[in-house]
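*Asks:* Need coordinates for the below:
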Amino acid sequence: MKKFLTTLTSFLFLSCVALAKKPNFVYIMVDDAGYGDFSCFGQKKFTTPHVDRMAKEGMKLTDFYASSTVCAPSRASLMTGYHTGHGFVRGNKEIRPEGQHPLPLNAKTIPEVLKQSGYVSGMFGKWGLGAPGTEGDPMNQGFDRFYGLNCQRQSHNFYPTHVWSDRKKVMLDRKHYSHSLIADECLKFIRANKDKPFFCYVPFTIPHAAMQSPEKRIAPWRKKFPEFEKVTGKYGGSVITNPIAAFAAMMEHMDEDVGRILDLLEELKIDDNTLVIFTSDNGPHREGGHQPDFFNSNGPLKGYKRDLYEGGIRVATVAWWPGKIKPGSTSAHVAAGWDLLPTLCELSDTKKPDGLDGLSFAPTLLGKTKEQEKREYLYWEFHEQGGKQAVRMGKWKGIRLNVRKNPNSPIELYDLSKDIGEENNISSKHPDIVKKMEVAMESSHVENLIFPFIK
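*Replies:* The predicted structure is shown next:
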């Protein structure tokens, strides 16, 4: 009996050790930041030293794409591994009084999948995939801890009436800056779970949509941009003077909290066992007085949020994992948000769900490029503004507009290797490539009764 107990104890100990060696994952996704909104991607009006640090010590992913060009479908695809032609949520479908159309219970999300490998999961920030108490509530979608804003509309104001802590509604006096509350809770979660494998999803609400920041942060930027002191902005709340200064202050604030996360991982001595990915949910917005053209938020790219041109979906992305990712490396591997689920499954040795659209980019992160599986193309569809479709196929980019009016409307074609700004439509010169784009668009869309696309 004693020998049996000794053997059992040894087995349990080794099992715990093996479990502890599973890598941690932190996924930081800001809200509506452009490709050029970070100094490591070319921003000149302000700096983002902590995101820059991630790039210096890790990898820049130059050809990484958001799952959609607006919030809810981008987040749904990220969580489930399906692109918007197959996804459960394909648009910002609002629910009153609070929330958006819910992810169904049968959707297998990242936290649910990782749970089979012993992961604890926390989510801090903006959800947008189901009202409180519905099947889409993050606490019903695999998360063990949730703190933030369930409803996208609530998250547009940085001094909201309330936030949610797990299933509890926490009332605020509208004097608390929500981003700071969210960042603090994120750090608490990491500290509390340092001895367990964890997935920490951090969809920060900065910089969308009201241009709001504590005045002590804005003041230095007012001095830098005094020419905008007579410019105002408003998004569902009070009028903001000099939204240009406010935007810079918001980005500076967010960047500092990225640094706090990295510093905590180092303090806890788990940085070498933690993959941190930083990205955005789509391209830059033009709301609340924000002027993305002034900041050159898109760098060389064309388009904004709600566009399927590169500026609407290609997002600045950096991966950091000391000892695993080569410092100062850059990858042009073409990937998208719906690739995250299979990537985390591969890195954690977790069985992935069948039938996903996503492909793991773990080999790219680890420098094993010869092992990286290549896909034929990426596909997007967007249900607003007449309906749009887009395909990235190698160096080629195809875009179709006004799909609802004419499902066979002409396809614009661009060679991104020569024309990253999508200025020269060369569809007439490459009818064979256009035909491939047509086939890809037709085969990638499965009609959804809740989110009808082609009528």
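
*Asks:* Going by C-alpha atoms from here, please, whenever you check contacts or count neighbours.
*Replies:* Fine.

*Asks:* Just give the number of residues close to the closest residue to Asp271 other than its chain neighbours.
*Replies:* In space, Asp271 comes closest to Leu265 once its chain neighbours are excluded; the distance is 4.8 Å by Cα to Cα, 6 or more residues apart in numbering. Using other Cα atoms under 10 Å, Leu265 has 20 neighbouring residues.

*Asks:* repeat for Tyr377
*Replies:* With other Cα under 10 Å as criterion, Tyr377 counts 16.

*Asks:* Just say helix, strand or coil for Phe124.
*Replies:* Taking DSSP: H, G, I helix; E, B strand; the rest coil as the rule, one finds Phe124 in the strand state.

*Asks:* what's the average pLDDT for stretch 434-451?
*Replies:* What stretch 434-451 shows for mean pLDDT is 97.

*Asks:* got it, and stretch 210-221?
*Replies:* In the prediction, stretch 210-221 has an average pLDDT of 98.

*Asks:* Other residues contacting it?
*Replies:* By Cα atoms under 8 Å, 6 or more residues apart in numbering, the surrounding residues in contact with stretch 210-221 are 156-158, 177, 233-237, 240, 243, 245-250, 253, 287-290.

*Asks:* Also stretch 333-341?
*Replies:* By Cα under 8 Å, 6+ apart, stretch 333-341 touches 61-67, 74, 77-83, 110, 352, 357-361, 364, 378.

*Asks:* Select from the residues you listed every entry located in helices.
*Replies:* Within these, residues falling in helices by DSSP state H are Ser74, Ser77, Leu78, Met79, Thr80, Ile110, Thr364.

*Asks:* Skipping its backbone neighbours, what lies nearest the fifth one in space?
*Replies:* Nearest in space to Thr80, with sequence neighbours left out and distances taken as Cα to Cα, 6+ apart, is Thr109 at 4.9 Å.

*Asks:* all strands of the stretch 101-250 of the chain, in order?
*Replies:* 120-126, 145-149, 162-165, 168-171, 198-202, 232-233, 240-241 (DSSP state E, counting those that start in this stretch).

*Asks:* Give me the helices and strands touching the longest one, please.
*Replies:* Strand 120-126 makes packing contacts with strand 145-149, helix 178-192, strand 198-202 when contacts are defined by 3 or more Cα pairs under 8 Å, 6 or more residues apart in numbering; DSSP states H and E.

*Asks:* To Lys21, which of the ones you listed lies closest?
*Replies:* strand 198-202 (11.0 Å; Cα to Cα).

*Asks:* Walk me through which strands the closest one pairs with, and which way each runs.
*Replies:* Paired strands of strand 198-202, with direction, are strand 24-30 (parallel), strand 120-126 (parallel) (DSSP bridges).

*Asks:* Look through the chain and tell me its longest helix.
*Replies:* helix 243-267.

*Asks:* thinking again about what came up before, the contacts of stretch 210-221, buried ones only, as a ChimeraX selection?
*Replies:* To isolate the buried members of the contacts of stretch 210-221 in ChimeraX, using 16 or more other Cα atoms under 10 Å:
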select :156,157,158,177,233,234,235,240,243,245,246,247,248,249,250,253,288,289,290
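
*Asks:* Now Thr274: phi and psi?
*Replies:* Thr274 has phi and psi values of phi -130, psi 120 when expressed as degrees, to the nearest 10.

*Asks:* quick check: domain ranges of the chain?
*Replies:* 22-371, 378-444 (automatic domain parsing).

*Asks:* What is the distance between the shortest one and the centre of its chain?
*Replies:* Right, the one you point to is domain 378-444. Computed by Cα atoms, centre = their mean, to the nearest Å, the separation of domain 378-444 from the middle of its chain amounts to 23 Å.

*Asks:* Quick check: end-to-end length of that domain?
*Replies:* Using Cα to Cα, to the nearest Å, the end-to-end distance of domain 378-444 comes out at 9 Å.

*Asks:* Over to stretch 400-412?
*Replies:* The straight-line separation of the ends of stretch 400-412 (Cα to Cα) is 6 Å.

*Asks:* same question, stretch 418-436
*Replies:* 20 Å.

*Asks:* My read is that Leu105 contacts Thr134, right?
*Replies:* No. Applying Cα atoms under 8 Å, one finds Leu105 not in contact with Thr134, separated by 9.4 Å.

*Asks:* Asn106: how many residues sit nearby?
*Replies:* 9.

*Asks:* Now it: phi and psi?
*Replies:* According to degrees, to the nearest 10, Asn106 has phi -80, psi 0.

*Asks:* Secondary structure element holding Ser443?
*Replies:* Take DSSP states H and E as the rule and Ser443 turns out to sit in helix 431-444.

*Asks:* next one: Leu413
*Replies:* strand 411-415.

*Asks:* What number of residues are in the vicinity of the spatially closest residue to Leu105 that is not a sequence neighbour?
*Replies:* Among residues not flanking Leu105 along the chain, Glu135 sits closest, at 5.6 Å (Cα to Cα, 6+ apart). Burial measure for Glu135: 19 neighbouring residues, criterion other Cα under 10 Å.

*Asks:* for Glu135, what are its contacts?
*Replies:* So Glu135 contacts Pro102, Leu103, Pro104, Leu105, Gln141 (Cα under 8 Å, 6+ apart).

*Asks:* so how far is Arg286 from the fourth one?
*Replies:* Counting by Cα to Cα, the gap from Leu105 to Arg286 is 34 Å.
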